[in-house]
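*Asks:* Model the following, please.
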Amino acid sequence: MGQVYSHLSEEERQVIQIEIGNGTSIRRIAGLIGRHASTVSREVKRNVWFPSNESESYRPYRPKRLRTGPWTGRYYIAGQAQRKADRRRARARRPYRLASQRLWAWTAERLRRGWSPLLICGRLRLEHPGDESMRCCPETVYRWIYADKARRERWARYLPRGHRRRRRAKGRGVSRSRIPGRTSIRERPYDASDRSRFGEWEADSVIGTGCNLHTEVERRTRFLMARIVPDKTADASVAAQIAMFSALPAGARTGVTHDNGTEFARHGRLREQLGMATYFADPYSSYQRGSNENRNGVIRRYLPKRSRIEPSMAVDVQAIVDEINNRPMRVLGYRTPAEAFTDELLELADKQGRCTSK
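*Replies:* I've put the predicted structure just below:
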């Protein structure tokens, strides 16, 4: 458990007053009350004053340059310091921004839809552009939920990972495997950070109990497709890929990047039947397929690990995919992946129409 901090008490301030009057050093005073020397030093600097022999007035600090007359030693009064500290604490206690009923009602409604705090705060600026009262940051939402036990019990389950306690993210390794005809991601004609190309996809699997999900994410628009596969065999995975990609125009399915799982060993069929380029990320480098990993994490909010997945759940899985695709994303300027994907398809169709007309 981490160290617990507390404010100076009035009794400790009385000790400081006595020892300051006795000429005791700051470090010695800190040792007497069991505090750090910096704590005592800041307390003294905040509350010490110097009386003048001429006017018997006092000032909160001693001027370094202006010399108006002879000054006596410094004075520290515990009662006055305690009253000043109480006033500072009272001024510092500002209400949470989410204490506004209107803002919290708007936020709570989006949390129930599965929106992350980041999306909620970004969308607020679009829907309420001139209303400063409808503003918050993602950290405010997290702290508001976790600061109170009742709110944590009710609302933490709606957060992206649904943890009852805030925790650090942990990485996940990717196992090595030998895949025939494997083309490394390093031979891909564009860099991992280049998302200007439409039609480049990232593939992976979401493991469940019974059946699995095969997922595809378009890199530019973050559009998600998912299909239930009976097992993790290479034939089942490539059949799902062919079924999903066949419904798209050729310009919307130019290439796909996989991880190194054995379920992608039949990737050559994508080249043969659909003319798609296939690549594989480096081992233990899931960040090279960040879009797919991110979308799989969102799917896990609906289907946690060890969830039962059955072939009869196809309609339910598609409903989850549609909900994810219709959720705004900051990287898309708070547009939804469905909107961005549709725009790209329309632009592609327009280009093809101009080419055929010529």
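
*Asks:* Now do the helices in the stretch 151-300 of the chain.
*Replies:* With helices called from DSSP state H, counting those that start in this stretch, the stretch 151-300 of the chain shows them at 234-246, 268-274, 290-302.

*Asks:* Next, format those helices as TSV and append mean pLDDT and distance to residue 254.
*Replies:* For glycine as for every other residue, the C-beta is placed from the backbone atoms N, C-alpha and C. Formatted as TSV, the helices of the stretch 151-300 of the chain follow (pLDDT from 0 to 100; distance: least, C-beta to C-beta, whole Å):
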stretch	mean pLDDT	distance to residue 254
helix 234-246	94	10
helix 268-274	92	10
helix 290-302	91	16
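
*Asks:* Sketch out the low-pLDDT regions of the chain for me.
*Replies:* Per-residue confidence for the chain (pLDDT under 70) gives these ranges: 1-5, 49-74, 92-96, 167-177, 354-358.

*Asks:* Based on its surroundings, how many neighbours for the residue nearest to residue 221 when sequence neighbours are not counted?
*Replies:* Using C-beta to C-beta, 6 or more residues apart in numbering and skipping the chain neighbours, the partner closest in space to residue 221 is residue 340 (3.8 Å). Residues contacting residue 340 under the criterion other C-beta atoms under 10 Å number 21.

*Asks:* just to revisit the earlier point, between the helices of the stretch 151-300 of the chain, which gets nearest to residue 182?
*Replies:* helix 268-274 (10.0 Å; C-beta to C-beta).

*Asks:* where do the strands sit along the stretch 1-150 of the chain?
*Replies:* 50-51, 58-59 (DSSP state E, counting those that start in this stretch).

*Asks:* In contact with the closest residue to residue 330 other than its chain neighbours, which residues?
*Replies:* Distances taken as C-beta to C-beta, 6+ apart put residue 122 closest to residue 330, at 4.9 Å, once the chain neighbours are dropped. Going by C-beta atoms under 8 Å, 6 or more residues apart in numbering, residue 122 touches 328, 330, 334.

*Asks:* measure residue 122 to residue 333 for me?
*Replies:* Remark: distance between residue 122 and residue 333 (C-beta to C-beta, to the nearest Å) = 9 Å.

*Asks:* Cross-check the contact I'm expecting between residue 43 and residue 16.
*Replies:* Yes. Judged on C-beta atoms under 8 Å, residue 43 makes contact with residue 16 at a distance of 6.6 Å.

*Asks:* more crowded one of the two?
*Replies:* residue 16 (25 against 22).

*Asks:* if we can go back for a sec, pipe the helices of the stretch 151-300 of the chain into JSON lines and attach mean neighbour count and distance to residue 138 per row.
*Replies:* Shown next, in JSON lines, are the helices of the stretch 151-300 of the chain (neighbours: other C-beta atoms under 10 Å; distance: least, C-beta to C-beta, whole Å):
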{"stretch": "helix 234-246", "mean neighbour count": "19", "distance to residue 138": "33"}
{"stretch": "helix 268-274", "mean neighbour count": "15", "distance to residue 138": "38"}
{"stretch": "helix 290-302", "mean neighbour count": "18", "distance to residue 138": "16"}
